[in-house]
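Colleague: Sequence below, structure please.
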Amino acid sequence: MENYDFTEGRIFGPLIRFTLPVMMALFLQSLYGAVDLLVVGQYAANEDISAVSSGTMLMHTIMALTAGLSMGTTILLGQQIGQKKPDQAGKTIGAAIVFFTIFAIVFSVLMFVNTPLLTHLMNAPEEAFSKTCSYIRICSGGLLFIVAYNVLGSLFRGIGNSRLPLLSVAIAAAVNIIGDLIMVKGLRMGAAGAAYATIGSQCISVLLSLLFLKRIDLPFLLQRGDIRFNKEITMKILNFGVPIALMDFLVSISFLVILSIVNSLGLLASAGVGVAEKVCAFILLIPSAFGQSIASFTAQNYGARKIDRAYRGLRYGIVTGLCFGTFLFWLSFFHGDLLCRIFSHDPQVIQLGWDYLKAYAIDCILTAIFFSMTGFFNGCGYTRFVMIQGIIGAFLVRIPVSWIMSKEVPISLFHVGLATPASSFVQCVLCIGYFVVVRSDLERKMEIR
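Modeller: Down below sits the predicted model:
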């Protein structure tokens, strides 16, 4: 399980070999929610589908917040690896472990206590309210494992290793499938059974990652004394991570607002969008993988003062992402009913899900551009801009457009879904413009350092 040094040698080959395991890990991670919905859709009621859909969306919001904060660890660690400072890298990991443990405990308690309020804010259908509460409470009890998974993933990506997270999540995904079949199909536990299976599999993923961490050669020295609260390092992690986390959190909130709008349209619309969102989770994992990979690639080269290599990595990421995105657009727009049928057998739910999915198909092209660009900006440490463009897209475009479209008579989920590519288009324009503005300043920094 080699760790990639992105500061030397060829670019395209190592970048793709690093990205593919990231992509597969994201794919398997998406299976957690998708398998839940698939099994629930086949062996439980529409109320359980709605509960899993709403509950998963909320957990995705928390995971987005965690992933954003842990990206601060990826950036700082990657830059330290590029700068050849292994002693500082070990202290960074130790400080991150302490901070994220506290973070997980606090959020777990807050979510458990406020579950009814959160379910109400999502405007969950009355028929599915109690099951949604149950799903959220169970997942909040296992939040420590969800947070730990994201932090360990950020560690591995920072040192240029994307294969170990893939191996651990692959085993955990298999456990999750078995757990779903036992608890949902066998024990008829519905949404609650799906939640238990998900948390159990996340726990196994974390344990495996810790085991792998002990057995591989690391490009830094982690001592027991490093695992302590370090104010200076924690502030550096937060300086990089908070803007990304705030952006991811608010973007996820915007999708929860859209979910609330859709839930107000009735149980069938809620289930249809829930099915479409599961498909979208797979569609968007490709640009997400390139974004994460380019962030790691850029961070190492930024630390090594090789910004030209970072530019080339960005170009490779965009072009390759567009190739994937074009295929996914065709598949989602013209054959989305086949994709939705994987998660539901109700003809009305399938049709409504396909209508919503057609809008996301357009997003396949746009995200190939701006996900890679935001990964580049994150690797360079320009996380505040990433936050600003994400918030603009979410709250000045996505929510207003979806709300306006929801007032149409008759309602069209395709039109509601157009809010997402509209937001992505604006974000693409902002990213391209910022790149033009910041490029000369970035090159000047490389000369001064």
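
Colleague: Chain neighbours aside, what residue packs nearest to the residue nearest to the spatial centre of the chain?
Modeller: Ranked by distance to the mean C-alpha position of the chain (Cα atoms, centre = their mean), the top residue is A64 at 5.5 Å. Counting by Cβ to Cβ, 6 or more residues apart in numbering, D248 is the residue found nearest to A64 once chain neighbours are left out, at 3.8 Å. (C-beta placed from N, C-alpha, C; glycine too.)

Colleague: I'd guessed the one you found sits against L65; true?
Modeller: Yes: in this structure, D248 sits in contact with L65. The criterion is Cβ atoms under 8 Å, and the distance is 6.2 Å.

Colleague: Check the spacing between the residue nearest to the centre of the chain and G225 real quick.
Modeller: Separation of A64 from G225 (Cβ to Cβ, to the nearest Å): 33 Å.

Colleague: One more: V175?
Modeller: The gap separating V175 from G225 is 35 Å, by Cβ to Cβ.

Colleague: same question, Y196
Modeller: Per Cβ to Cβ, Y196 is found 37 Å from G225.

Colleague: what about those two, which has more around it?
Modeller: For Y196 versus G225, the count of surrounding residues by other Cβ atoms under 10 Å is larger for Y196: 22 against 9.

Colleague: residues contacting that one?
Modeller: Contact analysis of Y196 by Cβ atoms under 8 Å, 6 or more residues apart in numbering lists 138, 179, 183, 189.

Colleague: residues contacting M373?
Modeller: Counting by Cβ under 8 Å, 6+ apart, M373 touches 314, 318, 428, 431-432, 435.

Colleague: so of those, which ones are in helices?
Modeller: Secondary-structure check on those using DSSP state H: residues within helices are 314, 318, 428, 431-432, 435.

Colleague: Point out where the protein drops to low pLDDT.
Modeller: Flagging of the chain using pLDDT under 70 yields the residue ranges 1-4, 30-34, 219-222, 445-449.

Colleague: Convert the C-alpha atoms of stretch 90-97 to CSV, please.
Modeller: Listed next in CSV are the C-alpha coordinates belonging to stretch 90-97 (Å, rounded to 0.1, in the frame of the first residue of the first chain):
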residue,chain,number,x,y,z
GLY,A,90,2.8,13.7,13.6
LYS,A,91,1.8,16.5,15.9
THR,A,92,-0.9,17.5,13.5
ILE,A,93,-2.5,14.0,13.6
GLY,A,94,-2.3,13.9,17.4
ALA,A,95,-4.1,17.2,17.7
ALA,A,96,-6.7,16.2,15.2
ILE,A,97,-7.6,13.0,17.1
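
Colleague: Would you mark the buried spots in it?
Modeller: If you call a residue buried by 16 or more other Cβ atoms under 10 Å, then stretch 90-97 has these buried ones: 90-97.

Colleague: again, but for stretch 319-333
Modeller: Residues 320-322, 324-325, 328-329, 331-333 are the ones in stretch 319-333 that count as buried (16+ other Cβ under 10 Å).

Colleague: before we move on, what about stretch 44-58?
Modeller: Of all the residues in stretch 44-58, those buried under the rule 16+ other Cβ under 10 Å are 44, 46-58.

Colleague: how distant is it from the center of its chain?
Modeller: Computed by Cα atoms, centre = their mean, to the nearest Å, the separation of stretch 44-58 from the middle of its chain amounts to 19 Å.

Colleague: Could you shift the numbering so residue one becomes 8, and keep it that way?
Modeller: Okay, residue one is now 8; in that scheme the one you just asked about reads as stretch 51-65.

Colleague: List the residues that contact G200.
Modeller: With Cβ under 8 Å, 6+ apart as the criterion, the residues that contact G200 are 186-187, 189-191, 194.

Colleague: Please indicate which of those are buried?
Modeller: When the contacts of G200 are checked against 16+ other Cβ under 10 Å, the ones flagged as buried are 186-187, 190-191.

Colleague: Go through those residues and flag which are in strands.
Modeller: When DSSP state E is applied, the buried ones among the contacts of G200 are split such that none fall in strands.

Colleague: Just put these in TSV and tack on distance to L162.
Modeller: As requested, the buried ones among the contacts of G200 are exported to TSV (distance: Cβ to Cβ, whole Å):
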residue	distance to L162
G186	26
D187	29
M190	31
V191	33
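
Colleague: and which of the contacts of G200 is nearest to S271?
Modeller: V191 (27.5 Å; Cβ to Cβ).

Colleague: any idea how far the closest residue to F19 other than its chain neighbours lies from G440?
Modeller: In space, not counting the residues next to it along the chain, F19 is nearest to Y323; the distance is 5.1 Å by Cβ to Cβ, 6+ apart. Counting by Cβ to Cβ, the gap from Y323 to G440 is 22 Å.

Colleague: what's the helix or strand for I349?
Modeller: Using DSSP states H and E, I349 sits within no helix or strand.

Colleague: Spell out which residues sit in contact with it, please.
Modeller: Under the criterion of Cβ under 8 Å, 6+ apart, the contact partners of I349 comprise 45, 286.

Colleague: Would you map the helices across the stretch 158-307 of the chain?
Modeller: In order along the chain, the stretch 158-307 of the chain carries the following helices (DSSP state H, counting those that start in this stretch): 170-187, 197-222, 238-270, 274-290, 292-310.

Colleague: buried ones in the longest one?
Modeller: If I follow you right, that is helix 238-270. 240-241, 243-244, 247-270.

Colleague: one step back: let's see which of the buried residues of stretch 97-104 end up in helices.
Modeller: Judged by DSSP H, the subset of the buried residues of stretch 97-104 located in helices is 97-104.

Colleague: Can you lay out these as TSV showing distance to F378?
Modeller: Shown next, in TSV, are those (distance: Cβ to Cβ, whole Å):
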residue	distance to F378
G97	31
K98	31
T99	25
I100	26
G101	31
A102	28
A103	24
I104	28
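
Colleague: Which of these lies at the shortest distance from A278?
Modeller: Out of these, the one with the shortest distance to A278 is A103. That distance is 38.9 Å, counting by Cβ to Cβ.
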